[in-house]
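Colleague: Sequence plus predicted model, see below.
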Amino acid sequence: MKCKQAFLYGPFDLRVEDVELRPLKPDEVLVKLRACGICGSDVEIYEGKSKEGRYDIQPFTPGHEWAGDVVEVGKDVTTLKPGDRITSECVVACGVCENCKSGLMPSACLNFKEIGFGPDTPGGWGEYLICTERNLHKIPDDWSYVEGAWAEPFSIGYFSIWGNGGYVDASDIALIFGCGPVGLAALMTCKMANATTIMVDPLENRRKLASKFGADFTLDPRDPDFRAKVKSLSPSGGGPTLICECSGNDNAIAEIFQIAGHDCRVSLAGHTVGRLIPVEIGWTNWKTLRIKGAGGTNRFMPRTIRFMNKVRKYYNFEDLVTHYYNFRDLFKAVDVACHQKDSAMKVMLTFDD
């Protein structure tokens, strides 16, 4: 069977080609794509600003925020059948290396790969996708495909709060840097626990969206009185009890050490490798900060789907999508995602039946 599939050959070199789908391996599943979000990391690899995308090996198909229908399954697949509605995790662990056998994060896999970032793990920028069974998860029948495509980015924000020993409750003052998709996922996670939330973003339209999704307070980090305002919103002016960095902004990282309260739990979800940031690290000692990373979600996707199924009773995930484009208009969609970053909260690809 032939289908159209996008390939990224290098920075700004995206091509849509007709390809012949190969036969399935015993543990693989053929998926008909229905929705696929364009992530900020997709934009970075398209613009050549990230080494995460491996077109240095050979061209590959981006897209790791997707949902679709099972069309065909390999002979050893037991948990899925044609017609099932599914989504996937991004990180693909080998399952056999020492770290995998020790139960560490998929991102700790010594052979780890990512769907939508390499030639042998194609993503959702195509009409069809072949993926291994172990990375696929069913979504509820009453979900839209757009909601299914939100599961992967939501898992990052959710994991940033609850993963790796994290927690939140109604006693917390939670400050979240970044009102993008991951930051808003962290916001919804905190609000479901009745925590007091402070959302920080320089863009007014994003702060307004955060307010719509339940933020108790929103602040502009460029405000000369930013630190004083953060303190005033904290118990006895001591600072937040929980900070989650979801913006990927270097200044936000440095600011954490200034505004964090004593014994504050700090979760870093917005940065990737390859960047050096000067920070006043001494505050980690004096404030006894508890800092954790939030990359790679170990066994969190099923939990994310269950949690989202509760969250969607209070929030409409489709309100977070600012632009829809059919896959045939992929180049327009990518252009908007690249050149309208301030207003394009989430660009979503849809696909014909």
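Modeller: The structure has been received and is ready for your questions.

Colleague: what's the burial count for residue 99?
Modeller: By the measure other Cβ atoms under 10 Å, the count of residues near residue 99 is 17. Backbone N, C-alpha and C define where each C-beta goes, glycine included.

Colleague: mind checking how far residue 237 is from residue 227?
Modeller: Using Cβ to Cβ, to the nearest Å, one gets 11 Å for the distance from residue 237 to residue 227.

Colleague: Residue 190 too?
Modeller: The gap separating residue 190 from residue 227 is 21 Å, by Cβ to Cβ.

Colleague: More neighbours: which of these two?
Modeller: Shown here are residue 190 and residue 227; by other Cβ under 10 Å, residue 190 has more neighbours (29 against 15).

Colleague: ok, what's across the strand from the residue lying closest to that one once chain neighbours are set aside?
Modeller: Counting by Cβ to Cβ, 6 or more residues apart in numbering, residue 190 lies nearest to residue 174, which is 4.5 Å off, once chain neighbours are set aside. Beta-bridge pairing for residue 174 (DSSP bridges): residue 197, residue 242.

Colleague: start to end distance for stretch 257-270?
Modeller: 16 Å (Cα to Cα, to the nearest Å).

Colleague: same thing with stretch 198-210?
Modeller: In terms of Cα to Cα, the two terminal residues of stretch 198-210 are separated by 9 Å.

Colleague: What lies in contact with it?
Modeller: Identification of contacts with stretch 198-210 by Cβ atoms under 8 Å, 6 or more residues apart in numbering yields 173-180, 183-184, 187, 211, 215-222, 230, 233, 240, 247, 252, 320, 342-343, 345.

Colleague: Centre-most residue in the protein?
Modeller: Nearest to the mean C-alpha position of the chain, counting by Cα atoms, centre = their mean, stands residue 153 at 2.7 Å.

Colleague: wait, what's in contact with that residue?
Modeller: For residue 153, the contact set (Cβ under 8 Å, 6+ apart) comprises 37, 39, 65, 181-182, 185.

Colleague: Which secondary structure element is home to it?
Modeller: helix 145-162 (DSSP states H and E).
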